[in-house]
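Trainee: no letters, just coordinates:
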Ligand SMILES: Nc1ncnc2c1ncn2[C@@H]1O[C@H](CCC(=O)c2cccc(C(=O)O)c2)[C@@H](O)[C@H]1O
Ligand SMILES: [Zn+2]
């Protein structure tokens, strides 16, 4: 990707059109955090005891956050709207539809099953709902979905135990599950305490993708690498503060799942122009571009690619290379990866042809 820096040739409008049609992979996007304003409003209307607005326009204000803790508080009020297996199925199917509209061919969706099972959604019915939506989405939209089950760190070790059980029990574990994560606030939630749970998930064949360095410093990223054996890092934003860490990520080709607009919306970073994405590229770190909780942050994956194009001064070929980096860093099988890479190449050649 680096070779395209400084080659911002196409007009921005053309680049937006290029991005809109570019086949993409999304590696860091949360299930509940992807609920569109229409779905949130529909669920809120079904559950009038909730404080979530029923009017999609009022949601814009509701989704304006003062800090990360406020974001999590609002996030949990939306989690509270998901009360039945049918809510889970509808949400998952509609999320897939929104991804397909953006030419997302493959997505790893982060799901927090504990948040649903503790709200008395039957665990078997929960798994069936997400799998049913996954299969329907693949058949109807051609978008392949895979799951990352994450521990909500702040909820403690009981939630960790339950998440690990749901992810590793052969009778429950859904076919689409590929990875294991750790989310929520980082302050006061030390990564090493989750080592035994990650060990069990990894032993069961899952890949390790914890959030780290989003709201705390580079030491949390080191902890995620050392104790949780992270293969990719969710955000990793504050890695830029430690040159040795950047060198380590680059040398071991551990990708960062960068979500630029999310970091501004949760006030983890002051402005897009101050985002360390340029430092990551300069240090040779593999980056992937992602949307995190798109409607809550007023963004989508296409917009995140446009942001990356601006910050990294990328042209169409640079954007295609970025899209291929996400395919390479994904947990899709090799034939699946090759298929999307080929699609990206043919689309880009046709776009660039005179
Ligand atoms: N940018 C983000 N960075 C980090 N995480 C993010 C981000 N976006 C979304 N999340 C999600 O937030 C969840 C947090 C849930 C949580 O802490 C909690 C605590 C106590 C009770 C309950 C409950 O359900 O009752 C939940 C995480 O598991 C994660 O999947
Ligand atoms: Zn996230």
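Mentor: Looks like it came in fine. Fair warning: this is a prediction, and the values are worked out from it, not measured in the lab. Ligands and ions are numbered 1, 2, ... in the order given.
Trainee: spell out the secondary structure type for residue 92.
Mentor: Reduced to three states with DSSP: H, G, I helix; E, B strand; the rest coil, the structure at residue 92 is helix.
Trainee: report the buried residues of stretch 85-94.
Mentor: When burial is assessed from 16 or more other Cβ atoms under 10 Å, stretch 85-94 yields the following buried residues: 85, 87-94. Quick note: C-beta positions are derived from backbone N, CA and C, even for glycine.
Trainee: do stretch 324-341 as well
Mentor: 324-332, 336-337, 339-341.
Trainee: restricted to helices, list the residues you listed.
Mentor: Residues of the buried residues of stretch 324-341 located in helices (DSSP state H): 324-329, 336-337, 339-341.
Trainee: okay, those residues in JSON lines with pLDDT and distance to ligand 1 next?
Mentor: Compiled in JSON lines, these are given as follows (pLDDT from 0 to 100; distance: Cβ to the nearest ligand atom, whole Å):
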{"residue": "324", "pLDDT": "98", "distance to ligand 1": "25"}
{"residue": "325", "pLDDT": "98", "distance to ligand 1": "21"}
{"residue": "326", "pLDDT": "98", "distance to ligand 1": "18"}
{"residue": "327", "pLDDT": "98", "distance to ligand 1": "23"}
{"residue": "328", "pLDDT": "98", "distance to ligand 1": "23"}
{"residue": "329", "pLDDT": "98", "distance to ligand 1": "18"}
{"residue": "336", "pLDDT": "98", "distance to ligand 1": "25"}
{"residue": "337", "pLDDT": "98", "distance to ligand 1": "25"}
{"residue": "339", "pLDDT": "98", "distance to ligand 1": "29"}
{"residue": "340", "pLDDT": "98", "distance to ligand 1": "25"}
{"residue": "341", "pLDDT": "98", "distance to ligand 1": "28"}
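Trainee: tell me the residues of the stretch 1-150 of the chain that contact ligand 1?
Mentor: Applying the criterion Cβ under 6 Å from any ligand atom, the portion of the stretch 1-150 of the chain that neighbours ligand 1 consists of 30, 33, 72, 75-76, 79, 110, 112, 115, 118, 150.
Trainee: and those residues, which of them are buried?
Mentor: Using 16+ other Cβ under 10 Å as the burial test, those include 30, 33, 72, 75, 79, 110, 112, 115, 150 as buried.
Trainee: can you redo the residues you listed as JSON lines with pLDDT, distance to residue 238 and secondary structure?
Mentor: As requested, those are exported to JSON lines (pLDDT from 0 to 100; distance: Cβ to Cβ, whole Å; DSSP: H, G, I helix; E, B strand; the rest coil):
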{"residue": "30", "pLDDT": "98", "distance to residue 238": "20", "secondary structure": "strand"}
{"residue": "33", "pLDDT": "97", "distance to residue 238": "21", "secondary structure": "helix"}
{"residue": "72", "pLDDT": "96", "distance to residue 238": "18", "secondary structure": "helix"}
{"residue": "75", "pLDDT": "96", "distance to residue 238": "21", "secondary structure": "helix"}
{"residue": "79", "pLDDT": "96", "distance to residue 238": "26", "secondary structure": "helix"}
{"residue": "110", "pLDDT": "98", "distance to residue 238": "20", "secondary structure": "strand"}
{"residue": "112", "pLDDT": "98", "distance to residue 238": "23", "secondary structure": "coil"}
{"residue": "115", "pLDDT": "98", "distance to residue 238": "26", "secondary structure": "helix"}
{"residue": "150", "pLDDT": "98", "distance to residue 238": "20", "secondary structure": "strand"}
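Trainee: quick check: closest non-adjacent residue to residue 191.
Mentor: Once flanking residues are discounted, residue 191 sits nearest to residue 223: 3.8 Å by Cβ to Cβ, 6 or more residues apart in numbering.
Trainee: thought residue 190 was touching the one you found, still the case?
Mentor: Yes. Taking Cβ atoms under 8 Å as the contact criterion, residue 223 and residue 190 are neighbours in contact, 7.2 Å apart.
Trainee: what residues are shared contacts of those two?
Mentor: Residues touching both residue 223 and residue 190 (Cβ atoms under 8 Å, 6 or more residues apart in numbering): there are none.
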